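A.B. asks: coords please:
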Amino acid sequence: MDKPEKGKRPRLKTLHAAVILAGLTGILAAGSLFTVSGKGAARNPVWRPLLHARDSAVLQLGRDSLGNVYVTENRLLPYRERFDDAAVTASAEAVNALAEESGIPVYLVAVPTSAGIYGDQLPEYAPLANEHTMLRTLSSQLSENVVWIEAESWLSTEREQYIYYRTDPCWTGYGAFCVYRTAIRKLGFNPLGYDHFIVYHFSGDYYGRLVQESGYDSVQPDLVDLYRYDAEQPLKSVLSLRGDGEEQLGAFFREEEAEKRNDPALVFASNSEPVLYMETENQNSRELLLLTDSFGGSMIPLLLQHYHSVTAVNPELARKQKLDWRSLTEQTGVQYTQILVLCGADTLSTPGFAEAAAP
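C.D. replies: Purely as a prediction, here's the structure:
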């Protein structure tokens, strides 16, 4: 019997995979009427074996992606063929306008997604948008009033460490710490060393957004680590500002809420609250306005060690909840001394960010 040509799959094996896929697709389509999708379906004991069989058949057919998610041996990566150039320009213009209107120092940290750091793990033929080029274009469009804080090279040098989740495009707590060491110097402070923090392993079975989008969970789940200062905590109060009023939160980390809803990502209050005002015991007069997304959750505990207050705004979350974050931040009466925009490349390249963040 002739061996198949190198690089090609045996026709019989491919045919079997196609037949299996067709049958499973019909079963799962019918079952979707009675069950949940995404993360819930992937972990459902009834549907999980069928989902695994479907995914296996898809990958045997030569596919390297499931929906908008690339599947590699060690991690999932977001699938994107190109960036929206107009959206990138609009984001730069929004940050420039913020700097001009505020009249105070504005800094921008644009964080690569996991695809920007680990894209070389994909096959050469896989279409993948060039995040390096996008970030370089974004930085070139910033005005002289905005300080660009480069993150890509620092993350690239640590890529063999656990700096990104395997199931989410976002960085881990250690990834945030790696960039914090450089960013905080740009903001005028000396960084605290790693030995000044206590790392608490909150969850060891986190399945992030890429699992939720693809339904594929045949990849090692992630750790969610929380960084706490080893000395007396400087955090005095955490106030959630909402359209219908204010609510005092017990802390920035919300372990009980995350466990109750079975979603480790919700342990960071900034992932569910559009506007947070956090006051510390620090005696300096520095007040920070932070515009961020899911990347900010791990960075906020590090920033809190240096400021009298940090007002964290998630513009996209505020926009989805139809809140004007600008009017909400006025409730604090704080005169900000610095503004930091800390967002992932995926956020800065979507049309909604400019609309949500523009002054």
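
A.B. asks: please make it C-alpha for all contacts and neighbour counts, starting now.
C.D. replies: Noted.

A.B. asks: which stretches of the stretch 51-200 of the chain form helices?
C.D. replies: 85-102, 114-118, 131-140, 152-157, 173-186 (DSSP state H, counting those that start in this stretch).

A.B. asks: would you turn the ones you listed into CSV with distance to residue 203, mean pLDDT and mean neighbour count?
C.D. replies: Below are the helices of the stretch 51-200 of the chain laid out as CSV (distance: least, CA to CA, whole Å; pLDDT from 0 to 100; neighbours: other CA atoms under 10 Å):
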stretch, distance to residue 203, mean pLDDT, mean neighbour count
helix 85-102, 34, 96, 19
helix 114-118, 20, 96, 21
helix 131-140, 30, 96, 17
helix 152-157, 23, 96, 15
helix 173-186, 12, 97, 19
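
A.B. asks: adding distance to residue 72, write these out as TSV.
C.D. replies: As requested, the helices of the stretch 51-200 of the chain are arranged in TSV below (distance: least, CA to CA, whole Å):
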stretch	distance to residue 72
helix 85-102	27
helix 114-118	10
helix 131-140	19
helix 152-157	19
helix 173-186	20
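
A.B. asks: for residue 214, find the nearest of these.
C.D. replies: When those are compared by CA to CA, helix 114-118 sits nearest residue 214, at 15.8 Å.

A.B. asks: just the C-alpha atoms of the closest one, please, in CSV.
C.D. replies: Taking C-alpha atoms only, helix 114-118 is exported to CSV below (Å, rounded to 0.1, in the frame of the first residue of the first chain):
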residue,chain,number,x,y,z
SER,A,114,-0.8,36.7,23.7
ALA,A,115,-0.9,36.4,19.8
GLY,A,116,1.6,39.3,19.7
ILE,A,117,4.1,37.5,21.8
TYR,A,118,3.5,33.9,20.8
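
A.B. asks: coming back round to it: figure out which of the helices of the stretch 51-200 of the chain is closest to residue 321.
C.D. replies: Relative to residue 321, the nearest member of those by CA to CA is helix 85-102, separated by 20.2 Å.

A.B. asks: just checking, what packs against that closest one?
C.D. replies: Contact here means 3 or more CA pairs under 8 Å, 6 or more residues apart in numbering; DSSP states H and E; on that basis helix 85-102 packs against helix 131-140, strand 146-148, helix 345-348, helix 351-357.

A.B. asks: make it 7 Å
C.D. replies: Applying 3 or more CA pairs under 7 Å, 6 or more residues apart in numbering; DSSP states H and E, we find helix 85-102 packed against helix 131-140, helix 351-357.

A.B. asks: tell me, how many residues neighbour residue 105?
C.D. replies: Here the neighbour count serves as a burial measure; for residue 105 (other CA atoms under 10 Å) it reads 17.

A.B. asks: my guess is it contacts residue 338. True?
C.D. replies: Yes. At 5.2 Å, residue 105 and residue 338 qualify as touching, with contact defined as CA atoms under 7 Å.

A.B. asks: on that earlier part again, can you put the helices and strands packed on helix 85-102 in a markdown table and add distance to residue 85?
C.D. replies: What follows is the helices and strands packed on helix 85-102, written out as a markdown table (distance: least, CA to CA, whole Å):
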| stretch | distance to residue 85 |
| --- | --- |
| helix 131-140 | 8 |
| helix 351-357 | 10 |
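
A.B. asks: tell me where this structure has strands.
C.D. replies: 65-66, 69-71, 76-78, 106-111, 146-148, 197-206, 222-229, 235-242, 245-249, 275-280, 287-292, 309-313, 338-344 (DSSP state E).

A.B. asks: of those, which is nearest residue 255?
C.D. replies: Set against residue 255 and scored by CA to CA, the strands of the chain come closest in strand 197-206, at 7.9 Å.

A.B. asks: which other helices and strands does the closest one contact?
C.D. replies: Helices and strands touching strand 197-206, as assessed by 3+ CA pairs under 7 Å, 6+ apart, comprise strand 222-229.

A.B. asks: the bottom helix or strand of the chain by mean pLDDT?
C.D. replies: Taking mean pLDDT, DSSP states H and E as the measure, the helix or strand of the chain with the lowest value is helix 11-31, at a mean of 42.

A.B. asks: pLDDT of stretch 307-325, averaged?
C.D. replies: Stretch 307-325 carries an average pLDDT of 94.

A.B. asks: about what we covered before: so which of the helices and strands packed on helix 85-102 gets nearest residue 93?
C.D. replies: helix 351-357 (7.8 Å).

A.B. asks: then that closest one to PDB, C-alphas only?
C.D. replies: Backbone C-alpha positions of helix 351-357 (Å, rounded to 0.1, in the frame of the first residue of the first chain) are rendered in PDB as follows:
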ATOM      1  CA  PRO A 351     -13.800  51.200  17.000                       C
ATOM      2  CA  GLY A 352     -15.600  51.300  20.400                       C
ATOM      3  CA  PHE A 353     -12.500  52.400  22.400                       C
ATOM      4  CA  ALA A 354     -12.200  55.900  20.800                       C
ATOM      5  CA  GLU A 355     -15.800  56.600  21.300                       C
ATOM      6  CA  ALA A 356     -15.800  55.400  24.900                       C
ATOM      7  CA  ALA A 357     -12.500  57.100  26.000                       C
END
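
A.B. asks: so what touches that helix?
C.D. replies: For helix 351-357, the external contacting residues (CA atoms under 7 Å, 6 or more residues apart in numbering) are 87, 90-91, 94, 315-316, 319, 347.
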